[in-house]
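*Asks:* Provide a 3D model corresponding to the input given below.
(chains A and B)
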Amino acid sequence: MSEKITSIDELNTLREKYHEAVKKEDVRILVCAGTGCQASGSLKVWEKMSELAKDTNITVEFATHVKHPHVHKSGCLGFCEQGPLVRIEPLGVLYTKVHPEDCEEIFDVTVKRGEIVNRLLYKNKITGEECYNQDEIPFYKGQTRVVLKTCGTIDPESIDEAISAGEYQALAKALFTMTPDEVIKTVLDSKLRGRGGGGFIAGKKWQQVAGQPEKIRYVVCNGDEGDPGAFMDCSIMEGDPHRMIEGMIIAAYAVGAQEGYIYVRAEYPLAVKRLTLAIQQATERGLLGDNILGSGFSFKLNINRGAGAFVCGEGSALTASIEGKRGMPRVKPPRTVEQGLFAKPTVLNNVETYANVPQIILDGAEWYRSIGTENSPGTKTFALTGAVRNTGLVEVPFGITPRKIIFDIGGGIRDDRKFKAVQIGGPSGGCLTEAQLDEPLDFDSVKKLGVIVGSGGLVVMDENTCMVEVARFFMEFTHRESCGKCVPCREGTLRMLEILERIVAGNGRMEDIDELRSLADLIINTALCGLGKSAPLPVVSTLNSFMDEYIEHIQNKKCPAHVCQKLKQYTIDPEKCRSCSKCARGCPVQAIDGKPKVPYVIDQAKCIKCGACMSACPFKAINVA
Amino acid sequence: MGKMIIDGMPVEFTDEQNILSVIRKAGIDLPTLCYHSELSIYGACRLCNVEDDRGRMFASCSERPRDGMKIKTSTPRLVRYRRMLIELMLASHHRDCTTCVKSGDCELQKLAHRLGVSSVRWGYKERTHEKDRSSPSIVRDPDKCILCGDCVRVCEGIQGVNAIDFAHRGTDAMVIPAFNKEIAKTDCVNCGQCRVVCPTGAITINTNIRPVWEALADPNVKVFAQVAPAVRVAVGQAFGGAKGENVMGKIVAALHRLGFDDVYDTTFGADMTILEESKEFLEIFEKGGPFPLFTSCCPAWVSFCEKRWPEFRNNISTSYSPLQMLASVAREYYADPKNSEGKKILSVGIMPCTAKKAEILREDLKRDGKQNVDYILTTEELITMIKRAGIRFDLIEGEAADMPFGIGSGGAVIFGNSGGVMEAALRTLCEGPERSAIEELRNSGVRGPGPLREFTFNYKGHEIKAAVVSGLAEADALLRRVKNGESFYHFVEVMACRRGCIMGGGQPAHAGYRTKEARKHGLYESDVNTQIKKSNENPTALALYDTLIRGREHELLHSHR
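*Replies:* All right, here's what the predicted structure looks like:
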């Protein structure tokens, strides 16, 4: 067991010590071990690198004072599209799409000689230039990394590295130089807003909890990131768990809480593992538990795994779930700050919100407000996915335009297709269209556009996306994930889904549009919880921006993007057909007929649009429209 | 304290916990399907939504009243939403209204009618779930459930039984026992409170009307009935009578017309219970324990104690419940061919209680392998039978109950109220000038509001510590305190249903505060009007000890748990 740190001086000494140790490790090979890179095989790369590094005869030629290169797993570097990623320090070079076969070459060329393996560098898609350094890559150039500052540059499984990178300095500052009220005031002044979706001023929550007469209080972290396509909180928990833990301890100190819970979805096993390790290490070091850093303040932190219900991301459902009850939102008031977990005053923020706190304490509210916009200061992490070239995790200042994110950082639309829309805010959000791409992206501006910032999912859609199908997809999600408590959400989403399914199957009626709107209006105004109230937003937003697509589906039974299977029409091009009969033989419903030397024909009445003929045809004679 | 404007009308509020209560106080019957003042706030039906002057919409059940608030309760938008909500509920509901047992008494049906929902534009839900008929007391029909959660909250919050809860998500959500077991295989104690709060036909009484009616028509069967105290104050209202009015005479007349050969009064059995139970108590009191002695009248309580607190099961009095007392004695009475006329005897109890349907099946209450009571009809079932037979209850003349089991004391009548059993038992211990002692006892704390009352009673210079508790969650808490040594009592009366049998699981549901109070006063009023106040003054009961049951008290009047 490591020694406990019992004072601020010890913390600083230790920081210096680790910092020196890290400096001595001049050649550090950081293999990204985020979920995305792991999925593309980064662990194999890490194994191979570690194996190579075991050879004690390696001599680092370009920096003779270094005794030996060190290999570490790092947190998510964000550029998941190009994974597995390998970063070599101190050179700052970032290799993309590294395979185990490349490792020996990297060792020989870069680790030993300090030269570059050009073929593994990222090439700028537009200029074709090779990017030697991580910061030169357009994907990183447009970002401002506050929360993700050390994510990807330290080993998330080592508290020593976290301390050497300056983590827990903010905690020490808060504990020894600030009163709880001053901490709250700083967070309040920073105008930090909750990153979970609501955008409520975090400092206000803290202030309200601190002002409750009940003295037993809790600090809870919402790590139940459930939006389809979102992985921001996942990356923070996996890549830099100590930053958010530090934020939670500071929050606990500010509001006088004795115990905290991190609620993580069980689908994030790596996050759970690293958080568990981080809590264990922090406890061993005296940064958690009794008498933190000898300050007299004590705080215990627990991890609670969620079983996968989307609704448990809702505050009251989350606390109910921690209590061992059915994860179901309850009516408010009383609010969570009054009666939250175990009916005690509770600060409930999400992962990213807590991860913002340490830097605010260190650099002050004014510094924080210098980033972002006046009412949405700071940065926001987004999970950039979909039809964009550079998918991955990005952190940008509020006020940036969606266009910059998608076209500068994201590198534009894949395969040079046309941009159609970007879905923001997950199942509770909506779509932004081309015309809205130059609006600033912050809490209040996007609200005016009828969508929400949400937790940070950005799904980019190109011309090949059917917006009715997108609406159906999200409605299916919210319907499936409705807890079933209140009538409008439980029954209303079912009926909206039924209508959308009807439309994408070509059985829609024009009255369906009105019905969708009236159901959406009902749910938005009467549902019990925030998730219910926002469930119809993807439909409303697509109805507002893409009404023509709905009408096309309903009146002409056509899907303009050729996505909706049931609306596709397969035909045989008589020019290309050689009457080989392969399509007819492959058709499961005998819808194709023909004779030798005469082009075959598909009976549209029989066709079930399965596409089997298309894959069977050797002459590409089958068209789909 | 404050004043708010509701639909343009100024309304004062005092300690109301939510706007809904203030709105109702103002004389506006805002529709709800998941709100009960005694249960926790759930907020699922969203029907009680109101709008404030800023156009903000919220559920009035879960918002605290604030001074100066301006609320509108039925703007066109609100009315439209309410109709849609009902329509959505109906769309997923099994709509065989015409043949549903709850038809005419169904809250969902009533609201659909009231709000003018004349068609449902969405698909019809096919019957997909089997009815659960495993319980002798209730029938569960999940296809009629609207997931208002009332049953779950009453079972958890008021009864502390937790036999049912929600499972699954979204439209798959259901109220079921754990692991979807049959309800009879759970900790369910058959109290029937779930059925009382259920707005639809999802939980109903497991009825025994048919076999009773068949027996009534059979010339070879002599059917006798006994009518429990709480029944007499709950029937009249169903036929246009006053709330809580004692209509025992009319009930007897109606039962005679339905074909019951003899109609007895369970108050007779209650007097027997008191005679035996007070004897038992005095023995224990003089012996110095074990304390506390618990009353045994309530079968749901007995079942709860056996399942949750087996360590206390031997503290429950062995005396039969009034139902069993009368039935056991009547069995002896009819054993004489002179009384049975050589016919087969069928014993029926008219009870406010669904748990009695389970009690009669208990092995320890059988004698020679035979049940003392063949069927239980709840008050609801009695009303159904009277209506079905076309008896004009409002017009019939009252009749006296049949002898020899037709008389009970005033103490026995108040059995139907929480505290009544305790008061009747302690009355027999009252000494001195009769009236004043009884008066003193009445004001000792045995009566009053709230689910728990603790008081002391002076018996020959000794202090008896007594408690009266209703609602099993409250009883559960009391048992915990007793077990932990935090509380000590000599004698405890437990009734599973809040306020006692007048609010039993078999009583007509939809009883608001005024009805509950009226039933309570109806029974206390009846006590005032009786000449015989104490059980040990009931001449017919006392006479039995010299005749039918002489020397067989233990065999005939006590359970052998």
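*Asks:* For the rest of this, base every contact and every neighbour count on C-alpha atoms.
*Replies:* Will do.
*Asks:* Using CSV, list the CA coordinates for stretch A:568-586.
*Replies:* Extracted in CSV, the C-alpha atoms of stretch A:568-586 (Å, rounded to 0.1, in the frame of the first residue of the first chain):
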residue,chain,number,x,y,z
LYS,A,568,-37.8,1.1,-52.5
GLN,A,569,-38.6,0.0,-56.0
TYR,A,570,-36.4,-2.6,-57.7
THR,A,571,-36.4,-2.6,-61.5
ILE,A,572,-34.4,-4.5,-64.0
ASP,A,573,-32.6,-2.4,-66.6
PRO,A,574,-33.5,-4.1,-69.9
GLU,A,575,-30.3,-2.8,-71.5
LYS,A,576,-28.1,-4.5,-69.0
CYS,A,577,-30.1,-7.7,-68.4
ARG,A,578,-28.7,-10.8,-70.1
SER,A,579,-31.6,-13.0,-69.1
CYS,A,580,-29.3,-15.3,-67.0
SER,A,581,-32.2,-16.0,-64.6
LYS,A,582,-29.9,-15.7,-61.5
CYS,A,583,-32.2,-13.0,-60.1
ALA,A,584,-35.3,-15.1,-60.6
ARG,A,585,-33.7,-18.0,-58.9
GLY,A,586,-32.5,-15.9,-56.0
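*Asks:* That one: which residues count as buried?
*Replies:* A:568-573, A:577-586 (16 or more other C-alpha atoms under 10 Å in any protein chain shown).
*Asks:* and the residues you listed near chain B, which?
*Replies:* Among the buried residues of stretch A:568-586, no residue sits close to chain B (C-alpha under 8 Å from any C-alpha of the partner chain).
*Asks:* if you look at the residues you listed, which of them are in strands?
*Replies:* A:Y570, A:T571, A:I572 (DSSP state E).
*Asks:* of all the residues in chain A, which ones are close to chain B?
*Replies:* Where chain A comes near chain B, counting by C-alpha under 8 Å from any C-alpha, the residues are A:326, A:330-333, A:479-488, A:490-492, A:494-495, A:522, A:525-528.
*Asks:* Which ones among these lie within helices?
*Replies:* A:H479, A:R480, A:E481, A:V487, A:L494, A:R495, A:L522, A:N525, A:T526 (DSSP state H).
*Asks:* If you drop the residues flanking it in sequence, what lies closest to the first one?
*Replies:* Nearest residue to A:H479, sequence neighbours excluded (C-alpha to C-alpha, 6 or more residues apart in numbering or on different chains): A:T493, at 5.2 Å.
*Asks:* measure the one you found to B:K185 for me?
*Replies:* Distance of A:T493 to B:K185, given as C-alpha to C-alpha, to the nearest Å: 35 Å.
*Asks:* Same question for B:E283.
*Replies:* The value you get for B:E283 to B:K185, if C-alpha to C-alpha is used, is 37 Å.
*Asks:* Please pick the buried ones from the residues of chain A next to chain B.
*Replies:* Using 16+ other C-alpha under 10 Å, the buried members of the residues of chain A next to chain B are A:326, A:330-332, A:479-488, A:490-492, A:494-495, A:522, A:525-528.
*Asks:* Give me the neighbour count for the residue nearest to B:M351 when sequence neighbours are not counted.
*Replies:* Leaving aside its chain neighbours, B:M351 sits nearest to B:T378 (4.8 Å; criterion: C-alpha to C-alpha, 6+ apart). Using other C-alpha atoms under 10 Å in any protein chain shown, B:T378 has 32 neighbouring residues.
*Asks:* again, but for A:G152
*Replies:* Neighbour count of A:G152, defined by other C-alpha under 10 Å: 27.
*Asks:* how about the strands in the stretch 101-250 of chain A?
*Replies:* Remark: strands assigned in the stretch 101-250 of chain A by DSSP state E, counting those that start in this stretch are A:122-123, A:130-131, A:218-223.
*Asks:* which element is the residue of the stretch 401-550 of chain B found nearest chain A on?
*Replies:* Nearest residue of the stretch 401-550 of chain B to chain A, counting by C-alpha to the nearest C-alpha: B:A473, 18.1 Å away. If you go by DSSP states H and E, B:A473 is part of helix B:472-483.
*Asks:* Name the residues that touch that helix?
*Replies:* Outside helix B:472-483, the residues within contact range by C-alpha atoms under 8 Å, 6 or more residues apart in numbering or on different chains are B:156-161, B:301, B:304, B:309, B:451-452, B:469, B:487-489, B:494-497.
*Asks:* likewise stretch A:120-128?
*Replies:* Stretch A:120-128 has contacts (C-alpha under 8 Å, 6+ apart) with A:L94, A:Y95, A:T96, A:K97, A:V98, A:E129, A:E130, A:C131, A:Y132, A:I137, A:P138, A:G411.
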